[in-house]
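1. Everything below, folded, please.
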Amino acid sequence: MQNIQFPVQFDFKISTLANDFTARDANGEIIAYVRQKMFKLKEDIEIFSDESRSEVLYKIKADRWLDFSAAYSFYDQEGNEFGKVARKGWRSLWKTRYQIIDEHQKKQYEINEKNPWVKVMDGIFGEIPILSFFTGYVFNPTYLLTDNRFNTIVTLKKNPSFFGKSFTIDKIGNMDNDDDDRIMLSLMMMILLERRRG
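-> Numbering: from 1, shown residues only. Next up is the predicted model:
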């Protein structure tokens, strides 16, 4: 997933039992098809080149079966680990926060929820009959991916919808070419964990 043309769209399938989605670039071309294996105690994700699922580009595997403070490692086609995204424990209950770690175990980027009150309101109204139907259209979280100098590199925002789940990624700042994969895989993993909201 090098030289990606932004904005990128994540569109979840609502017609399947599996937790999967398609990633398309600004030209509408498929850059990845993401599929989460079902009935696994630990997260096991495969990223394919397209919807035919004939070629696996990457795999993401969790280091534990509980997702609080879990780390999700990225593997290339040869099985080499080249980074990970780590969820930051109990703080995630209030505000979504993940760290992107490179292959040298150094923090490169951080993903934070722009407005944690969206999460609170979504949780409250999502428990009320009838009103819960509209939360997906009203409460749409935005996530900011920043570097170690707190510069925003990309934003990810949930698009209003009643049934389907759609997210848009916009590039705001500069990123190194060899970071494209880690950034996109981190956002994909985060969305799989967070998509049940809204």
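2. can you give me the strands in the chain?
-> 8-12, 19-24, 30-36, 44-48, 56-62, 71-75, 81-87, 97-101, 107-113, 142-147, 152-158, 166-171 (DSSP state E).
3. got a markdown table for the ones you listed, with distance to residue 191 too?
-> All C-beta spots, glycine's among them, are computed from the backbone N, C-alpha and C. Conversion of the strands of the chain to a markdown table gives the following (distance: least, Cβ to Cβ, whole Å):
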| stretch | distance to residue 191 |
| --- | --- |
| strand 8-12 | 6 |
| strand 19-24 | 8 |
| strand 30-36 | 9 |
| strand 44-48 | 11 |
| strand 56-62 | 12 |
| strand 71-75 | 12 |
| strand 81-87 | 11 |
| strand 97-101 | 11 |
| strand 107-113 | 10 |
| strand 142-147 | 9 |
| strand 152-158 | 7 |
| strand 166-171 | 6 |
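4. Tell me the pLDDT of residue 4.
-> pLDDT for residue 4: 87.
5. repeat for residue 22
-> 95.
6. hmm, back to that, CSV for the strands of the chain, including mean neighbour count?
-> Formatted as CSV, the strands of the chain follow (neighbours: other Cβ atoms under 10 Å):
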stretch, mean neighbour count
strand 8-12, 20
strand 19-24, 20
strand 30-36, 20
strand 44-48, 19
strand 56-62, 18
strand 71-75, 21
strand 81-87, 20
strand 97-101, 21
strand 107-113, 19
strand 142-147, 19
strand 152-158, 19
strand 166-171, 18
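7. Report the contact partners of residue 102.
-> Contacts for residue 102 were tallied using Cβ atoms under 8 Å, 6 or more residues apart in numbering; they are 82, 83, 108, 182.
8. of all these, which two lie farthest apart?
-> The largest separation in those, counting by Cβ to Cβ, is between 82 and 108 at 11.7 Å.
9. intersection of neighbour lists for these two?
-> In contact with both residue 82 and residue 108: 102, 182, using Cβ under 8 Å, 6+ apart.
10. Now for this protein: which helix has the highest residue count?
-> helix 180-194 (DSSP state H).
11. That one: how far from the chain's middle?
-> How far helix 180-194 lies from its chain's middle: 3 Å, per Cα atoms, centre = their mean, to the nearest Å.
12. Give the rounded mean pLDDT of it.
-> According to the model, helix 180-194 has a mean pLDDT of 92.
13. Just the residues contacting it, thanks.
-> Helix 180-194 has contacts (Cβ under 8 Å, 6+ apart) with 1-4, 8, 10, 19, 21, 23, 32, 34, 36, 43, 45, 47, 58, 60, 67, 72, 74, 82-83, 85, 87, 96, 98, 100, 102, 108-109, 111, 141, 143, 145, 153-154, 156, 167, 169, 175.
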